[in-house]
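K.L.:
quick check, what structure comes out for this input:
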Amino acid sequence: MLDAVKNRADLGDLCGILWSSPNNPSWCVLDDGELEGLGEICDSYGLVAIEDLAYFGMDTRTNYFVPGHPPYYPTVMRYTALSGIRPT
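P.N.:
Have a look, this model is predicted:
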């Protein structure tokens, strides 16, 4: 998936990337490696990373249900040069 995104970004006509994770109806969930790769691509090409978190917290394979305590919900924000506070 990352190779396809990078190849598309190489064309030079993108300003951002939008994705949903978890995704409906396939319930595809991007892992940390994929999120990190998307973050690197967005930083390298100056693209805006847009996460659709409509199903935030609904991936029940890991318990993310205690706010402010690890494990933290997977997000591209950990892997981009976004301004503001980054989760650790």
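K.L.:
so which residue is dead centre in the protein?
P.N.:
Taking Cα atoms, centre = their mean, the centroid of the chain lies closest to Val76, which sits 3.5 Å from it.
K.L.:
pLDDT wise, what is that one at?
P.N.:
Predicted confidence (pLDDT) for Val76: 82.
K.L.:
before we move on, what about Ile85?
P.N.:
pLDDT, Ile85: 48.
K.L.:
what's the answer for Gly57, then?
P.N.:
You'll see Gly57 listed with a pLDDT of 69.
K.L.:
quick check, Ala49 in a helix?
P.N.:
No - applying DSSP: H, G, I helix; E, B strand; the rest coil, one finds Ala49 to be strand, outside a helix.
K.L.:
show me where pLDDT drops low in this protein?
P.N.:
Residue ranges of the chain with pLDDT under 70: 57, 59, 82-88.
K.L.:
which residue ranges of this structure form strands?
P.N.:
Taking DSSP state E, the strands of the chain run over residues 16-20, 48-52.
K.L.:
tell me what the helix ranked longest in the chain is packed against?
P.N.:
Looking across the chain with DSSP state H, the single longest helix is helix 32-45. Under the contact criterion of 3 or more Cβ pairs under 8 Å, 6 or more residues apart in numbering; DSSP states H and E, helix 32-45 touches helix 2-9, strand 16-20, strand 48-52. Bear in mind the C-beta positions are built from the backbone N, C-alpha and C, glycine included.
K.L.:
noted, bye for now.
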